[in-house]
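Asks: quick check, what structure comes out for this input:
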Amino acid sequence: METLEQLRDRLLAAVPGAEVSVVSNSSPSAQHSLLVGSAHARAIAQFLRDDPALKLDQCSNVTGVDWPEKEIVETTKITMPDPAGGAPKTIEQKTKRIQPGCLEVVYHLYSIALRHGPVVLRVRTGNRTDRVTIPSLMPVWRSCDFQEREVFDLFGVVFEGHPDLRRILMWPEFKDHPMRRDYVEPDDYEWEPTPHGAVLEKAKAHYPAPPAPEPAVSAAKAEGLKS
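Replies: Got it, this is the predicted structure:
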(Lines give C-alpha, C1' and ligand atoms only; values in the text may rest on other atoms or scores of the structure.)
Protein backbone atom coordinates (compact mmCIF):
# COMPACT_ATOMS: atom_id res chain seq x y z
CA MET A 1 0.00 0.00 0.00
CA GLU A 2 1.13 3.57 -0.66
CA THR A 3 2.77 5.67 2.05
CA LEU A 4 0.79 8.12 4.16
CA GLU A 5 2.52 11.01 2.39
CA GLN A 6 1.36 9.67 -0.98
CA LEU A 7 -2.11 9.08 0.40
CA ARG A 8 -2.21 12.62 1.81
CA ASP A 9 -1.33 14.06 -1.61
CA ARG A 10 -4.02 11.98 -3.32
CA LEU A 11 -6.63 13.07 -0.78
CA LEU A 12 -5.74 16.73 -1.25
CA ALA A 13 -6.17 16.30 -5.01
CA ALA A 14 -9.39 14.28 -4.75
CA VAL A 15 -11.17 16.45 -2.16
CA PRO A 16 -10.70 20.15 -3.01
CA GLY A 17 -10.33 22.38 0.04
CA ALA A 18 -9.64 19.49 2.42
CA GLU A 19 -7.13 19.78 5.23
CA VAL A 20 -4.93 16.68 5.50
CA SER A 21 -1.61 16.28 7.32
CA VAL A 22 0.56 13.40 8.48
CA VAL A 23 0.94 12.95 12.24
CA SER A 24 4.07 10.99 13.05
CA ASN A 25 4.26 8.60 16.00
CA SER A 26 7.65 8.33 17.67
CA SER A 27 6.65 5.41 19.90
CA PRO A 28 7.90 1.85 19.19
CA SER A 29 4.66 1.09 17.33
CA ALA A 30 5.45 3.88 14.82
CA GLN A 31 1.80 3.89 13.84
CA HIS A 32 1.60 7.17 11.96
CA SER A 33 -1.77 8.70 11.09
CA LEU A 34 -3.64 11.22 8.98
CA LEU A 35 -5.19 14.27 10.61
CA VAL A 36 -8.11 15.56 8.54
CA GLY A 37 -10.26 18.65 8.96
CA SER A 38 -13.78 17.96 10.13
CA ALA A 39 -15.38 19.95 7.29
CA HIS A 40 -14.36 17.33 4.71
CA ALA A 41 -14.05 14.27 6.95
CA ARG A 42 -16.99 12.41 5.42
CA ALA A 43 -15.90 13.07 1.84
CA ILE A 44 -12.42 11.81 2.72
CA ALA A 45 -13.90 8.73 4.38
CA GLN A 46 -15.93 7.94 1.26
CA PHE A 47 -12.81 8.26 -0.88
CA LEU A 48 -10.86 5.92 1.38
CA ARG A 49 -13.65 3.35 1.21
CA ASP A 50 -14.37 3.56 -2.52
CA ASP A 51 -10.95 4.12 -4.09
CA PRO A 52 -10.02 0.92 -6.01
CA ALA A 53 -6.42 0.95 -4.75
CA LEU A 54 -7.49 1.34 -1.10
CA LYS A 55 -10.94 -0.19 -0.54
CA LEU A 56 -10.81 0.55 3.19
CA ASP A 57 -14.13 -1.18 3.75
CA GLN A 58 -13.83 -1.89 7.48
CA CYS A 59 -13.61 0.48 10.45
CA SER A 60 -12.44 -1.75 13.28
CA ASN A 61 -12.10 0.78 16.07
CA VAL A 62 -13.28 4.27 17.03
CA THR A 63 -11.90 5.91 20.14
CA GLY A 64 -11.65 9.35 21.71
CA VAL A 65 -8.76 11.42 23.06
CA ASP A 66 -9.02 14.49 25.27
CA TRP A 67 -6.33 17.13 24.68
CA PRO A 68 -6.69 19.83 27.37
CA GLU A 69 -5.29 23.31 26.94
CA LYS A 70 -1.58 23.42 27.76
CA GLU A 71 1.32 25.81 27.92
CA ILE A 72 4.03 25.40 25.29
CA VAL A 73 7.53 26.75 25.93
CA GLU A 74 9.53 27.42 22.75
CA THR A 75 13.26 28.12 22.77
CA THR A 76 14.99 30.16 20.07
CA LYS A 77 18.64 31.09 19.78
CA ILE A 78 19.61 34.71 19.18
CA THR A 79 23.08 35.98 18.31
CA MET A 80 23.91 39.22 20.12
CA PRO A 81 26.94 41.42 19.31
CA ASP A 82 29.43 41.98 22.11
CA PRO A 83 29.43 45.69 23.13
CA ALA A 84 33.11 45.38 24.00
CA GLY A 85 33.93 44.31 20.47
CA GLY A 86 34.49 40.66 21.24
CA ALA A 87 32.99 37.65 19.57
CA PRO A 88 29.18 37.65 19.25
CA LYS A 89 27.32 35.75 21.92
CA THR A 90 24.49 33.31 21.36
CA ILE A 91 21.73 33.37 23.93
CA GLU A 92 18.56 31.35 24.29
CA GLN A 93 15.23 33.14 24.42
CA LYS A 94 12.19 31.33 25.74
CA THR A 95 8.64 32.26 24.82
CA LYS A 96 5.42 30.80 26.14
CA ARG A 97 2.15 30.27 24.30
CA ILE A 98 -1.11 28.54 25.10
CA GLN A 99 -2.13 25.66 22.88
CA PRO A 100 -5.94 25.43 22.86
CA GLY A 101 -7.50 22.15 23.88
CA CYS A 102 -9.66 19.92 21.71
CA LEU A 103 -11.27 16.51 21.52
CA GLU A 104 -10.03 13.99 18.99
CA VAL A 105 -11.69 10.96 17.41
CA VAL A 106 -9.44 8.23 16.01
CA TYR A 107 -10.60 5.71 13.39
CA HIS A 108 -8.66 2.55 12.49
CA LEU A 109 -9.41 1.47 8.92
CA TYR A 110 -8.68 -1.82 7.14
CA SER A 111 -9.36 -3.34 3.77
CA ILE A 112 -10.90 -6.78 4.00
CA ALA A 113 -11.00 -6.99 0.20
CA LEU A 114 -7.32 -6.15 -0.35
CA ARG A 115 -5.99 -7.38 3.00
CA HIS A 116 -4.11 -4.28 4.10
CA GLY A 117 -4.20 -1.64 6.83
CA PRO A 118 -4.52 -0.07 9.18
CA VAL A 119 -4.85 3.50 8.02
CA VAL A 120 -5.35 5.65 11.12
CA LEU A 121 -7.61 8.66 10.64
CA ARG A 122 -7.87 11.50 13.17
CA VAL A 123 -10.58 14.18 13.35
CA ARG A 124 -10.52 17.01 15.92
CA THR A 125 -13.13 19.34 17.33
CA GLY A 126 -12.75 23.12 17.46
CA ASN A 127 -12.38 23.13 21.24
CA ARG A 128 -13.58 21.28 24.36
CA THR A 129 -16.61 23.46 25.16
CA ASP A 130 -18.96 24.81 22.50
CA ARG A 131 -17.36 23.56 19.27
CA VAL A 132 -17.43 19.80 19.78
CA THR A 133 -19.37 18.72 16.67
CA ILE A 134 -17.82 16.66 13.86
CA PRO A 135 -19.47 14.64 11.06
CA SER A 136 -20.49 11.09 11.86
CA LEU A 137 -18.73 8.50 9.70
CA MET A 138 -21.44 5.91 10.33
CA PRO A 139 -22.97 6.59 6.88
CA VAL A 140 -19.65 5.38 5.44
CA TRP A 141 -18.85 2.55 7.85
CA ARG A 142 -21.79 0.94 9.66
CA SER A 143 -19.48 -0.35 12.40
CA CYS A 144 -19.05 3.22 13.70
CA ASP A 145 -22.57 3.16 15.16
CA PHE A 146 -22.07 2.03 18.77
CA GLN A 147 -18.45 3.21 18.89
CA GLU A 148 -19.32 6.81 18.04
CA ARG A 149 -22.05 6.64 20.67
CA GLU A 150 -19.42 5.56 23.20
CA VAL A 151 -17.19 8.52 22.31
CA PHE A 152 -20.22 10.82 22.59
CA ASP A 153 -21.06 9.36 25.99
CA LEU A 154 -17.59 9.35 27.55
CA PHE A 155 -15.92 12.35 25.86
CA GLY A 156 -18.81 14.58 24.75
CA VAL A 157 -18.12 14.66 21.00
CA VAL A 158 -21.33 15.36 19.06
CA PHE A 159 -21.50 13.38 15.79
CA GLU A 160 -23.58 15.26 13.26
CA GLY A 161 -25.63 12.92 11.09
CA HIS A 162 -25.58 9.98 13.51
CA PRO A 163 -29.11 8.51 13.45
CA ASP A 164 -29.24 7.42 17.11
CA LEU A 165 -26.83 9.58 19.12
CA ARG A 166 -27.52 8.84 22.79
CA ARG A 167 -25.61 7.54 25.77
CA ILE A 168 -24.61 3.90 25.60
CA LEU A 169 -22.79 3.25 28.91
CA MET A 170 -24.02 5.94 31.30
CA TRP A 171 -27.69 6.53 32.06
CA PRO A 172 -29.50 9.38 30.27
CA GLU A 173 -29.59 11.66 33.33
CA PHE A 174 -25.84 11.36 33.95
CA LYS A 175 -23.97 14.64 33.73
CA ASP A 176 -20.50 15.27 32.30
CA HIS A 177 -18.23 12.84 30.45
CA PRO A 178 -16.13 10.42 32.56
CA MET A 179 -13.20 10.08 30.15
CA ARG A 180 -12.42 13.80 30.08
CA ARG A 181 -9.08 14.52 31.76
CA ASP A 182 -10.63 17.18 33.98
CA TYR A 183 -13.58 15.02 35.04
CA VAL A 184 -14.11 15.15 38.79
CA GLU A 185 -15.51 12.02 40.36
CA PRO A 186 -18.57 12.85 42.50
CA ASP A 187 -18.41 12.11 46.20
CA ASP A 188 -22.12 11.35 46.47
CA TYR A 189 -22.24 7.57 46.71
CA GLU A 190 -25.87 7.24 47.69
CA TRP A 191 -26.23 4.52 45.07
CA GLU A 192 -23.71 2.33 46.93
CA PRO A 193 -25.75 -0.12 49.02
CA THR A 194 -22.97 -0.87 51.50
CA PRO A 195 -20.33 1.88 51.34
CA HIS A 196 -17.07 1.11 53.07
CA GLY A 197 -13.52 2.40 53.32
CA ALA A 198 -12.80 5.60 51.38
CA VAL A 199 -16.25 5.44 49.77
CA LEU A 200 -17.88 5.46 53.19
CA GLU A 201 -15.91 8.53 54.27
CA LYS A 202 -17.08 10.43 51.20
CA ALA A 203 -20.65 9.23 51.58
CA LYS A 204 -20.83 10.45 55.18
CA ALA A 205 -20.84 14.04 53.93
CA HIS A 206 -24.25 13.38 52.39
CA TYR A 207 -25.82 11.55 55.33
CA PRO A 208 -28.53 13.45 57.23
CA ALA A 209 -27.28 15.16 60.35
CA PRO A 210 -28.01 13.20 63.57
CA PRO A 211 -30.70 14.70 65.82
CA ALA A 212 -29.44 17.02 68.52
CA PRO A 213 -29.25 15.35 71.97
CA GLU A 214 -31.93 16.34 74.46
CA PRO A 215 -30.69 18.55 77.32
CA ALA A 216 -29.79 16.71 80.53
CA VAL A 217 -32.40 16.86 83.33
CA SER A 218 -31.43 16.51 86.97
CA ALA A 219 -32.92 13.67 89.00
CA ALA A 220 -34.76 16.14 91.32
CA LYS A 221 -36.27 18.02 88.40
CA ALA A 222 -37.24 14.78 86.71
CA GLU A 223 -39.02 13.68 89.94
CA GLY A 224 -40.88 16.97 90.06
CA LEU A 225 -42.05 16.55 86.49
CA LYS A 226 -43.51 13.18 87.39
CA SER A 227 -45.62 14.49 90.31
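
Asks: now the helices for this protein?
Replies: 4-14, 41-50, 144-155, 197-203, 219-226 (DSSP state H).

Asks: closest one to Asp187 among those helices?
Replies: helix 197-203 (4.0 Å; Cβ to Cβ). For every residue, glycine as well, the C-beta is placed using N, CA and C.

Asks: list the residues that contact Gln93.
Replies: 75-78 (Cβ atoms under 8 Å, 6 or more residues apart in numbering).

Asks: where's it relative to Met80, distance?
Replies: 10 Å (Cβ to Cβ, to the nearest Å).

Asks: distance of the nearest residue to Ala53 once chain neighbours are set aside from Asp50?
Replies: Distances taken as Cβ to Cβ, 6 or more residues apart in numbering put Glu2 closest to Ala53, at 7.3 Å, once the chain neighbours are dropped. Using Cβ to Cβ, Glu2 is found at 16 Å from Asp50.

Asks: do Pro208 as well
Replies: From Pro208 to Asp50 the distance is 63 Å (Cβ to Cβ).

Asks: and Arg10, by the same measure?
Replies: For Arg10, the distance to Asp50 - Cβ to Cβ - is 13 Å.

Asks: so the two - more neighbours on which side?
Replies: Neighbours were counted for Arg10 and for Asp50 using other Cβ atoms under 10 Å; Arg10 has more, 17 against 12.

Asks: enumerate every residue touching the more buried one.
Replies: 2, 51.

Asks: now it: how far from Lys175?
Replies: Counting by Cβ to Cβ, the gap from Arg10 to Lys175 is 43 Å.

Asks: for Asp130, give me the pLDDT.
Replies: pLDDT, Asp130: 94.

Asks: give me the phi and psi for it.
Replies: phi -110, psi 0 (degrees, to the nearest 10).

Asks: and for it, the neighbour number?
Replies: Neighbours around Asp130, by other Cβ under 10 Å: 8.

Asks: which residues in this protein form strands?
Replies: 20-23, 33-36, 58-67, 70-80, 89-99, 102-111, 116-124, 133-135, 158-160 (DSSP state E).

Asks: let's have those strands in CSV, adding mean pLDDT and distance to Trp171.
Replies: Output for those, formatted as CSV (pLDDT from 0 to 100; distance: least, Cβ to Cβ, whole Å):
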stretch, mean pLDDT, distance to Trp171
strand 20-23, 96, 35
strand 33-36, 97, 33
strand 58-67, 97, 19
strand 70-80, 87, 32
strand 89-99, 87, 34
strand 102-111, 98, 22
strand 116-124, 96, 27
strand 133-135, 98, 23
strand 158-160, 98, 19
